[in-house]
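1. this one's structure only:
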């Protein structure tokens, strides 16, 4: 079996959280690299794209991106600009920026002004799995399914998992490790089952 790729974890607009599934996954994958969480008010997309590019360039060998929420949208923007090679990406519960994200976040117009929307719709230049929840307050299942199709990704049905964060009861997301392994070792894994977390 080939050497395991490096995981690059890209959080969204949240504070650092030891119980978040991305944090747990980083502890399960030796050598994983995590970008800092943005917090709920830092929406400087241009700076985030620079961080992603620098992190990928600093990694020797293959890379699998694991992005959640706004991190998935940042990854889609970055993918349209980079020449870096990525083996694959797990993109979980991307928000659609079609309405307010909540009182603790900036207004939708601010996200648009910083370039988060419109969301890129071109196919991603790497394999991807897009995980969609059927009751995510930040992105409808149908809307995220369209993103997966436009990006050329495989849709993974999370069932009713909210926004797949501690506020929704996750914590651990055991399927994440299975999906990452599918991207990391595509010839040695059977496709992951479509099931809820």
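-> Now that the structure is in, tell me what you want to look at. Only a predicted model underlies this, so the values are computations on that prediction, with no experimental measurement involved. Residues are numbered from 1 along each chain as shown.

2. buried sites along the host helix or strand of residue 47?
-> Here residue 47 is covered by helix 45-58, with elements defined by DSSP states H and E. Of the residues in helix 45-58, those buried by neighbour count under the rule 16 or more other Cβ atoms under 10 Å are 45, 48, 49, 51, 52, 55, 56. The C-beta positions use only the backbone N, C-alpha and C, and glycine is treated the same way.

3. Against residue 107, how distant is the residue positioned nearest the centre of the chain?
-> The centroid of the chain falls nearest to residue 67 when counting by Cα atoms, centre = their mean (2.1 Å). Residue 67 sits at a distance of 23 Å from residue 107 (criterion: Cβ to Cβ, to the nearest Å).

4. Residue 66 in helix, strand or coil?
-> Secondary structure for residue 66, judged by DSSP: H, G, I helix; E, B strand; the rest coil, is strand.

5. mind listing the strands for this structure?
-> Counting by DSSP state E, one finds strands in the chain at the ranges 6-10, 33-34, 63-68, 88-92, 127-132, 154-157.

6. Paired strands for the first one, with orientation please.
-> The reference is to strand 6-10. Next to strand 6-10 in the sheet, as set by DSSP bridges, lie strand 33-34 (parallel), strand 63-68 (parallel).

7. winner for burial among these?
-> Across the strands paired with strand 6-10, the average number of neighbours (mean count of other Cβ atoms under 10 Å) peaks for strand 63-68, which reaches a mean of 27.

8. Distance from that strand to the middle of the chain?
-> Distance of strand 63-68 from its chain centroid, counting by Cα atoms, centre = their mean, to the nearest Å, is 6 Å.

9. neighbours of residue 109, just the number please.
-> Residue 109 is surrounded by 9 other residues when neighbours are defined as other Cβ atoms under 10 Å.

10. Over to residue 147?
-> Residues contacting residue 147 under the criterion other Cβ under 10 Å number 23.

11. you'd agree it is up against residue 122?
-> No. Counting by Cβ atoms under 8 Å, residue 147 does not reach residue 122; the two are 11.3 Å apart.
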